[in-house]
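> Quick one: sequence plus predicted model below, questions after.
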Amino acid sequence: MNIPFSPPFIDQSVVDQVLDTLNNKWITTGPKVKALEQEIKSITGTKEVVCVNSWTSGAILMLKWFGVKAGDEVIIPAYTYSATALAVLHCGAMPVMVDILDDFNIDPDKVKAAITTKTKAIIAVDIAGWPCDYTALKELITDPKVQRKFRYESEKQSLLKRILLISDAAHSIGSLFNDKPAAQECDVTIFSFHAVKNITTAEGGAICLNLPYPFDSEAEYSYLKMYTLNGQNKDALSKSRGGGWRYDILFQGLKINMPDICAAIGLAQIRKYNHELLPQRKKIALQYCDGFQHEDWFIAPPLVSIQRESCYHLFPMRVKGLTEEQRDQVIDDLASLGIASNVHFIPMPMLTLFKNLGYKIEDYPMAYQNYANEISLPIYPQLTETEVEFIINSVISCVNIQLNNRIKTIEETFIVHKQMAVAS
């Protein structure tokens with residue numbers, strides 16, 4: 001078989017939306033982007049949504065919007081994709097990495113210990129679509145002792161009067177928290193629509209605003225839309241209308257707007273997401289759990305609890321007793337059978353950039369433990385039951401070979417040591 005890891009979902013409805021955009025001859029930011037923003041508002045229940053050209057751009061924008069700058073600190077998990085930290089670095093601030101819990105997500109107790117008077121924001125990452133413990137994180141940032149530490153140095157910070165809570169929801173569109181969209185749990189929630197995500201625009205992202213009073217969400221939406229267009233007070237569509245050519249640059253913005261040609265892809269997908277695409281992902285995740293349930297080495301990823309439900313973006317299973325090197329061999333063996341698998345993620349302290357900045361993986365033992373035996377399996381609507389069964393059987397075979405090899409190696413080592421002891 002040939003089973004890719006995460007191909008985009010492209011059906012006729014996607015093709016039709018893209019062709020409609022091309023036929024209308026308006027391909028940059030315009031009506032398709034606005035329609036996508038409205039669809040995201042509808043499925044998340046958030047106050048306002050601003051589409052951008054990537055998750056990273058959205059995070060940089062919101063940190064700059066809040067006034068994060070050199071000398072400030074932003075708390076993030078050590079276990080995430082590098083964009084979480086890079087967004088902070090691009091603002092000149094310092095990413096303060098903390099360890100994670102066994103469920104892959106940021107540890108609120110470690111967050112609490114890391115807060116200083118320089119802390120301006122916390123970016124919590126919903127790994128694989130599993131929401132973080134937002135109850136604990138919200139209790140933390142509203143704790144009077146923590147609020148007294150906060151030093152506001154910008155207009156937005158003086159309005160909020162506490163640490164900004166951002167959800168890195170790159171994986172988690174459609175996830176639930178207390179039976180509501182998890183996107184409602186933070187001040188700011190940022191999605192990714194990269195090619196491998198549950199909903200894709202090829203490249204893209206969306207910022208969801210849940211800012212409390214006295215913030216005016218509509219006013220912030222208008223301001224952020226200008227921010228995505230170099231601080232310009234008119235978008236291209238407005239300028240193209242008769243007599244509308246004159247514009248002004250009101251402040252130093254960024255150029256990170258999403259074009260309509262990209263929004264068209266996501267627009268078609270999001271309209272069938274909750275009733276078709278998401279249920280199919282859940283079905284496959286449950287098939288995996290059922291297929292591996294009798295293997296004593298299988299550690300299932302967190303999927304559903306009383307309080308939370310994943311959006312099944314990834315299936316990050318772990319293998320008890322497998323070393324990092326054996327995990328890598330399992331991935332290679334699966335590839336030889338035509339199955340593409342992955343690892344989410346290499347903890348940032350193991351990457352050259354962050355090692356050179358002084359981060360050490362030894363300071364994040366849970367991050368390394370989860371990484372060393374994690375394997376992400378294919379999970380997407382196009383997978384057939386036959387393919388899922390083939391993946392399950394192949395994983396069981398490949399893992400058991402490696403575990404049996406390890407037992408054999410341990411036994412051989414024990415015999416050698418015993419012989420040496422007798423000889424001495």
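Cool, the structure landed. Numbers count the residues shown, from 1 in each chain.
> drop to CA atoms for contacts and neighbour counts, all remaining ones
Fine.
> Phe104 is in contact with Val125, isn't it?
No - contact status for Phe104 versus Val125: not in contact, 9.0 Å apart, counting by CA atoms under 8 Å.
> Low-confidence stretches in the stretch 201-350 of the chain?
Using pLDDT under 70 as the threshold, the predicted model of the stretch 201-350 of the chain has low-confidence ranges 239, 242-243.
> who touches Pro131 in this structure?
Asn105, Val125, Ser172, Ser175, Leu176, Phe177, Ala182, Arg308, Glu309, Ser310 (CA atoms under 8 Å, 6 or more residues apart in numbering).
> What of Leu337?
For Leu337, the contacting residues are Met1, Asn2, Ser394, by CA under 8 Å, 6+ apart.
> And the buried ones among the residues you listed, selectable in ChimeraX?
One line in ChimeraX is enough to select the buried ones among these; burial here means 16 or more other CA atoms under 10 Å:
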select :394
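> pLDDT and secondary structure added to the contacts of Leu337, as JSON lines?
As requested, the contacts of Leu337 are arranged in JSON lines below (pLDDT from 0 to 100; DSSP: H, G, I helix; E, B strand; the rest coil):
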{"residue": "Met1", "pLDDT": "87", "secondary structure": "coil"}
{"residue": "Asn2", "pLDDT": "96", "secondary structure": "coil"}
{"residue": "Ser394", "pLDDT": "98", "secondary structure": "helix"}
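> what sits against Gln269?
Counting by CA under 8 Å, 6+ apart, Gln269 touches Phe9, Ser13, Val14, Ile199, Thr200.
> and the most centrally placed residue in the chain, how far is that from Ala121?
Relative to the mean C-alpha position of the chain, the nearest C-alpha, by CA atoms, centre = their mean, is the one of Ala170, at 2.9 Å. The span separating Ala170 from Ala121 equals 17 Å under the rule CA to CA, to the nearest Å.
> ok, now how distant is Asn405 from Ile375?
As judged by CA to CA, Asn405 and Ile375 stand 19 Å apart.
> Between these two, which is the more surrounded one?
Applying other CA atoms under 10 Å to Asn405 and Ile375 shows that Ile375 carries more neighbours, namely 24 against 13.
> so the more buried one touches Asn342, yeah?
Yes - because the distance of 5.9 Å satisfies CA under 8 Å, Ile375 is recorded as touching Asn342.
> Tell me the residues that contact both of those two, please.
Taking CA under 8 Å, 6+ apart as the contact rule, Ile375 and Asn342 both touch Ile331.
> can you confirm Leu353 is in a helix?
Yes - going by DSSP: H, G, I helix; E, B strand; the rest coil, the assignment for Leu353 places it inside a helix.
> domains of this structure?
The chain breaks down into these domains under automatic domain parsing: 12-270, 273-417.
> And the shortest one, how far out from the chain middle?
Same thing as domain 273-417. Relative to the chain's own centre, domain 273-417 is displaced by 17 Å; criterion: CA atoms, centre = their mean, to the nearest Å.
> same deal with the longest one?
With CA atoms, centre = their mean as the basis, domain 12-270 stands 11 Å off its chain's centre.
> Straight-line length of that domain, end to end?
Length of domain 12-270, first residue to last, CA to CA: 14 Å.
> Excluding chain neighbours, what is closest to Ala85?
Using CA to CA, 6 or more residues apart in numbering and skipping the chain neighbours, the partner closest in space to Ala85 is Pro95 (5.8 Å).
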